[in-house]
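A.B. asks: Any chance you could fold what I've pasted below:
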Amino acid sequence: MIQSIIAVAVVLGGLIFFHELGHFIVARLFGVGVTTFSLGFGPRLFGVRRNHTDYKVSAIPLGGYVHMVGEQPGQELPEGFSRKESFTARPAWQRMIIVAAGPFFNFFLAILIYWGIFWSQGQLILVPEVGRILADSPAMEAGLREGDLIRSVGGQAIDNWEDLLQIVSQAEGRELSLTLERDGQNQTVTLTPRLLTRTNIFGEESRVPMIGVAASGKTRAVPLGGGSAFTAAVEQTWNVLVLTVEGVIKMIERVIPVETIGGPIMIAQMVSQQAEQGLVNVLALAALISINLGFLNLLPIPVLDGGHILFFAIETVTGKPLSERWQAITIRIGLALLLGLMFLAIYNDVTRIFRDAS
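C.D. replies: Residues are numbered from 1 along each chain as shown. Presented below is the predicted three-dimensional model:
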C-alpha cells in the first residue's frame, strides 16, 4: 500500500515537475527572470536562494511550479530584477517557445523513459504465433492450427505479428505461400486472403484482407543498442501521441463514449496496479501519461499552455496582443470547460468504482 502511494506521488509529481522544468530552462535561456522554482506545492520546507531565484522543496510533492518575472502585463517587478527580464517584455515568438517548452518536455521525458526501457530491457514484439482461428476462414481451410509459428510469407521472413498483418493486408485475392513451424517441423501451406470484418481499438468495423487468425499473444524482447533504442523510443512516443489525437477525435465524433474519460482516481489506480508489477511497468505507464499530459496542455484552451500559445500567435499575426478584456473572457470560458472536464472525469472515476464493487 505504502509502495503504491509513493509510486503515485513520484509519477504524478515527477511528470508535472519535468513539465515546469521545461518552462524554467527555456525562460532562463531567453533571459526571463524566475523568482521561484518549486518542487511540490504548499508551504516551503527547505531550499536555497541564488541569483534572486528561490529554489525550494514544498510540502505537497505532487508536481511543482515556476513563477516568472512579469507574467502578467503591468505586474510589479520583484526586487533584484530589471524590466528586460520580464516575461511580457520578450517578443511574442519567444513567449510561445517558453510556454510550449513545458508540453514538449513531457514528450522528451517519454522518449527518455522509452529509450531507457528499450536499451536495458529490449523492445517487446508480438510473436507471429497463431492463436484463435475463425471458422470458414482461409486459415482454417488451409489447415492452420493453434500454436503454428509463421516463419515466412511468400519467401519473406516474418519476425513479428505486425509483419504478417502488413503483408496480408496488401494481398487481397492473391495466393500466398506460408511457411509454418509446427511441432519442430517446417511445412508450407497456401491460402488466399479475402475481405473479412475487423474491429479496431476504437470499436469501429471495417472490411480488410485477412486470413482469419488471431495472435496467440506471446511476446519476446528484442535486444537493442543505444542508437536503435533511441529511434524506437521516438517512434513509440510518436505512435502513442498519434493514438491519443485519434482517440480525442473519436470522442468528439462520439465513437468513443465520454464515460471512458478517466481522472486522477483512475490514474492513481493504474499507477498502483503497475507498481505491483515492477519498476519497468511503472516507467512505461509514466511515459504514456507524460505524452497525454503534454498533448492536453497543447490544446488551444485558455488557461492551458495551448491557449497562451494561441494568444501569442494572434499577437504575432496582428502585431498587437489580444485585449485584456477578451483574454479575461476566453480564460473564464476555458476555465469553465476545464472544470467541467475535470468534474466529468472524477464522476466517471467514482461511478466506475461503485460499478466494479457491485
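
A.B. asks: Please, where are all the helices along the stretch 201-350 of the chain?
C.D. replies: All helices of the stretch 201-350 of the chain, identified by DSSP state H, counting those that start in this stretch, fall at 226-252, 264-275, 279-298, 305-318, 324-357.

A.B. asks: same thing with the stretch 51-200 of the chain?
C.D. replies: 92-121, 138-142, 161-169.

A.B. asks: Could you work out which of these reaches nearest to R198?
C.D. replies: Proximity to R198 (Cβ to Cβ) singles out helix 161-169 among the helices of the stretch 51-200 of the chain, at 9.6 Å. In short, each C-beta sits where N, CA and C put it, glycine included.

A.B. asks: Buried residues of the closest one, list them for me.
C.D. replies: For helix 161-169, burial by neighbour count (16 or more other Cβ atoms under 10 Å) applies to W161, D163, L164, L165, I167, V168.

A.B. asks: next one: stretch 92-110
C.D. replies: For stretch 92-110, using 16+ other Cβ under 10 Å, the buried residues are 92, 94-110.

A.B. asks: and what of stretch 178-189?
C.D. replies: Per 16+ other Cβ under 10 Å, stretch 178-189 contains these buried residues: L178, T179, L180, V189.

A.B. asks: Please apply the same query to stretch 28-42.
C.D. replies: Here stretch 28-42 shows R28, F30, V32, G33, V34, T35, T36, F37, S38, L39, G40 as buried, counting by 16+ other Cβ under 10 Å.

A.B. asks: now, which of those sits nearest A157?
C.D. replies: L39 (49.9 Å).

A.B. asks: For the closest one, grab phi and psi.
C.D. replies: phi -90, psi 100 (degrees, to the nearest 10).

A.B. asks: That one touches F17, doesn't it?
C.D. replies: Yes. If you go by Cβ atoms under 8 Å, L39 and F17 touch, sitting 5.9 Å apart.

A.B. asks: mind checking how far the residue nearest the centre of the chain is from I98?
C.D. replies: Central residue of the chain (Cα atoms, centre = their mean): I291, 2.7 Å from the mean position. From I291 over to I98 the distance is 21 Å, taken as Cβ to Cβ, to the nearest Å.

A.B. asks: ditto for F18
C.D. replies: 16 Å.

A.B. asks: buried residues in stretch 338-355?
C.D. replies: Buried residues in stretch 338-355 (16+ other Cβ under 10 Å): L338, A345, I346, N348, D349, R352.

A.B. asks: Max pairwise distance over those: which two?
C.D. replies: Among the buried residues of stretch 338-355, L338 and R352 lie farthest apart (Cβ to Cβ), at 21.0 Å.

A.B. asks: so how far is L339 from N297?
C.D. replies: 16 Å.

A.B. asks: Which pair in the buried residues of stretch 178-189 has the greatest spatial separation?
C.D. replies: Taking Cβ to Cβ, no two of these sit farther apart than T179 and V189, at 8.5 Å.

A.B. asks: between these two, what contacts are shared?
C.D. replies: Common neighbours of T179 and V189 are not found (criterion: Cβ atoms under 8 Å, 6 or more residues apart in numbering).

A.B. asks: tell me the contacts of G226?
C.D. replies: Residues counted as contacts of G226 (Cβ under 8 Å, 6+ apart) are W119.

A.B. asks: Next: L195.
C.D. replies: L195 neighbours (Cβ under 8 Å, 6+ apart): E172, R207, V208, P209, M210.

A.B. asks: at 10 Å what do you get?
C.D. replies: The contact partners of L195, by Cβ atoms under 10 Å, 6 or more residues apart in numbering, come to E172, G173, S206, R207, V208, P209, M210.

A.B. asks: thought the first one was touching R194?
C.D. replies: Yes. The pair E172 and R194 qualifies as a contact (Cβ atoms under 10 Å) at a distance of 6.9 Å.

A.B. asks: residues shared between the contacts of those two?
C.D. replies: What both E172 and R194 touch, as defined by Cβ under 10 Å, 6+ apart, is the set R207, P209, M210.

A.B. asks: which strand residues sit across from the second one in the sheet?
C.D. replies: Beta-bridge partners of P209, counted by DSSP bridges, are L195.
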